[in-house]
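*Asks:* Below is the sequence, then the predicted model.
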Amino acid sequence: MRMKFYPLALLILFPSDVRAQEAVSICLEQAQKATLAEHPHPVQQAAAKSLTARENHPRLFWIIPTFTVSNSSSPASLTSGEKFRLFFRNTADPFTVTYIAFGAGIQQANNGLSGYGQGAAGYGKRLAAGLADETSVGFFRAYLFPSVLHQDPRYFRKGSGPLKERLMNAIIRPIVTRKDSGGRTFDWSGLLGVTASSSLSNVYYPAADRGIEPTFKRVATSIPFNVIDHLIDEFGPDLEKKFLRRK
């Protein structure tokens, strides 16, 4: 998915100071830990476990959502309902919708999916197709197949350590994912999700962009863009901190 690369390139041109936001987040976390320590009630213990599952997801450069990224070294597994909420939050996020609308404009300027034509009608079809693509790929990759196959759709960020290990962690993510029970496995949910979404697009894409060959071209094209997204997931926060300190 091409959701992060171009917006990130634009956002780093506008420095901001986020130290206050980070300080507030730290204070809130410390207050919650103190409350749980003073009142070790079963309900509060359950709340602590729930708090662990619901990680804080600050937006990269205050704009790009990071709902599908985990910074935890011992993450709690997601339930089927939590995977559905993950899919819904990411798909319905204003950034996602805005980026799809922007992409539809670029596609129209390049006459992509030429069967849709030009003008307002052509743009409307491209926008609808982009929204349908994002919804279907999110549904299949973040919810349906991860729930059925008991796999975790999130990217687990290392955040520190040797550069080589962090690079490999991002590069292999489209192939290797985490099981709900822990450990790693082949990312069947991601592969099947992209394939199902690309196949579904044959219903509403122009005739020239339908068929087996265009479908698997879309699947193959998604892999390098997913790698770019995961590289941003891994190194984006580092870039943000380093860049903002230059102010």
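*Replies:* Now that the structure is in, tell me what you want to look at. In this text the structure is predicted, and so the values were computed from the model without any measurement.
*Asks:* Do a quick rundown of the strands in this protein.
*Replies:* Using DSSP state E, the strands of the chain run over 69-70, 151-152, 155-156, 176-179, 184-186.
*Asks:* The closest residue in space to F235 that isn't next to it in sequence: neighbour count?
*Replies:* Closest residue to F235 apart from its sequence neighbours, by CB to CB, 6 or more residues apart in numbering: R166 at 7.2 Å. Yep, even glycine has a C-beta here, placed from its N, CA and C like the rest. Counted with other CB atoms under 10 Å, residues neighbouring R166 total 18.
*Asks:* Then the one 5 residues further on?
*Replies:* Burial of I171, expressed as a neighbour count using other CB under 10 Å, amounts to 14.
*Asks:* Wait, the residue nearest to F235 touches G236, no?
*Replies:* No: using CB atoms under 8 Å, R166 is not in contact with G236, being 11.9 Å away.
*Asks:* show me what contacts the residue nearest to F235?
*Replies:* R166 sits next to 158, 234-235 when contact means CB atoms under 8 Å, 6 or more residues apart in numbering.
*Asks:* hang on, the earlier thing: please identify the deepest-packed of the strands of the chain.
*Replies:* Greatest average neighbour count among these goes to strand 151-152 (a mean of 24), per mean count of other CB atoms under 10 Å.
*Asks:* which helices and strands does it pack with?
*Replies:* Judged by 3 or more CB pairs under 8 Å, 6 or more residues apart in numbering; DSSP states H and E, the packing partners of strand 151-152 are strand 176-179.
*Asks:* Thanks a lot, catch you later.
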